[in-house]
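Colleague: Mind folding the following:
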Amino acid sequence: MDIHRLKVFCRVIELQSFTRAADAVHLTQPTVSEHIRALEESLGEKLIDRLGREILPTPAGKILYQYAREILHLRDRAVQALEKFKGNLSGTLNVGASTIPGTYILPGLIGAFKASYPSIQITLKIGGSSEIVEKILDGSIEFGMIGAKWDEKRILLEEAYSDELVLVVYPDHPWATRESVGLDELGGMAFVSRERGSGTRMVMMQALEARGLAPARLNVVAEMGSTEAVRQAVKARIGVAILSSYAVKEDIERGTLCTVQLNGVQIQRPFYVARRKNRELSPLCSAFLEHLRMDARAAC
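Modeller: Residues are numbered from 1 along each chain as shown. Below you'll find the predicted structure:
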């Protein structure tokens, strides 16, 4: 099997489009179609079903895709290992993260790492923790950073960073000049929350309930689908919110939001590096994880 054809095949499956795959691999659409036809002919199996505009792998195509990903991953590791042997570090690294670490931690780490190794390329996928874990398992990404422990025997977790969830209000809110407020007061205030299924919301609700404030007692006036939307809602005076300290750090420094202590409540949560058990990391991934660990130790 031609390894270039396997790469083209994987891009068609991943992008579910011959046109988008052609753009991604810098070929014409007819050339991509010819690569797929030649691959199917050499294997004696139909690999892709064309259902109108929808592109789906056949059962044989699903099997080949899993092995093709491994073949391409092994090729990349071999190239990176040889480059490292020559004193260089190059190649492509695909990583993933849930919202907070993906938005507020990894971009800075990637920038600093790339300054040392300008020839590398790092692709960051941001999604829910479950999505990131699935991508680790199917080999789409080498590692991920998530904000919750994951009950999956095939995944290794390594605690890296610590986050604190803090109560935030707009600058002229009545609580803005107070040092602290009680949980009973929080229950009576208009509150802006992340959507159900959010890791931030789950950790927040568990912590408040453990300290005697049932989630039903919160006066939730709005639910938002992202941390950024919650930040903007607080600034728009829709209500108060509990958010990651990473997410509001710049707002606090600029005075566009204020934090208020909740009496007797401190909500901490770790972020974990997650990777596939028994899967050897590429030299590039190993080097980046060491860079990440050094930064995490310095942040403690």
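Colleague: Mind listing what's buried along the helix or strand encompassing Val230?
Modeller: Under the criterion DSSP states H and E, the helix or strand holding Val230 is helix 227-235. For helix 227-235, the neighbour count (16 or more other Cβ atoms under 10 Å) marks Thr227, Val230, Arg231, Ala233, Val234 as buried. C-beta here means a position set from N, CA and C on the backbone, and glycine is covered the same way.
Colleague: which residues of the stretch 151-300 of the chain score low on pLDDT?
Modeller: Along the stretch 151-300 of the chain, segments meeting pLDDT under 70 span 300.
Colleague: where along it do the strands fall?
Modeller: Ranges of strands within the stretch 151-300 of the chain are 155-169, 180-181, 190-194, 219-224, 241-244, 258-262, 267-276, based on DSSP state E, counting those that start in this stretch.
Colleague: Would you mind listing the outside residues contacting stretch 140-148?
Modeller: Contacts with stretch 140-148, where a contact means Cβ atoms under 8 Å, 6 or more residues apart in numbering, come from 14, 69, 93-98, 100-102, 105-106, 125, 129, 132-133, 135-136, 160, 163, 199-200, 202-203, 269-275, 281-282, 285, 289.
Colleague: Give me the packing partners of the lengthiest helix in the chain, helices and strands only.
Modeller: For the chain, the longest helix by residue count, based on DSSP state H, is helix 59-85. Counting contacts by 3 or more Cβ pairs under 8 Å, 6 or more residues apart in numbering; DSSP states H and E, helix 59-85 is packed against helix 3-15, strand 91-97, helix 283-299.
Colleague: Please name the nearest non-neighbouring residue to the spatially most central residue of the chain.
Modeller: In the chain, the residue lying closest to the centroid (Cα atoms, centre = their mean) is Ala97, at 1.8 Å. Leaving out its chain neighbours, the residue that sits closest to Ala97 by Cβ to Cβ, 6 or more residues apart in numbering is Met145, at 4.2 Å.
Colleague: Now stretch 29-47: buried residues?
Modeller: Val32, Ser33, His35, Ile36, Leu39, Glu40, Leu47.
Colleague: give the contact list for the last one.
Modeller: When contacts are counted by Cβ under 8 Å, 6+ apart, Leu47 is found next to Phe9, Ile36, Leu39, Glu40, Pro57, Thr58, Ala60, Gly61, Leu64.
Colleague: next one: the fourth one
Modeller: Each residue near Ile36 by Cβ under 8 Å, 6+ apart is listed here: Arg5, Val8, Phe9, Val12, Phe18, Leu47, Ile48.
Colleague: can I get those in TSV with distance to Ser140 and pLDDT?
Modeller: As requested, the contacts of Ile36 are exported to TSV (distance: Cβ to Cβ, whole Å; pLDDT from 0 to 100):
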residue	distance to Ser140	pLDDT
Arg5	20	91
Val8	17	92
Phe9	15	91
Val12	15	92
Phe18	20	90
Leu47	19	93
Ile48	18	92
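Colleague: would you list the residues you listed in CSV and tack on distance to Val265?
Modeller: As requested, the contacts of Ile36 are arranged in CSV below (distance: Cβ to Cβ, whole Å):
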residue, distance to Val265
Arg5, 57
Val8, 54
Phe9, 53
Val12, 51
Phe18, 54
Leu47, 55
Ile48, 54
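Colleague: out of those residues, who's nearest Ser244?
Modeller: Lowest distance from Ser244 to those (Cβ to Cβ) belongs to Val12, with 37.7 Å.
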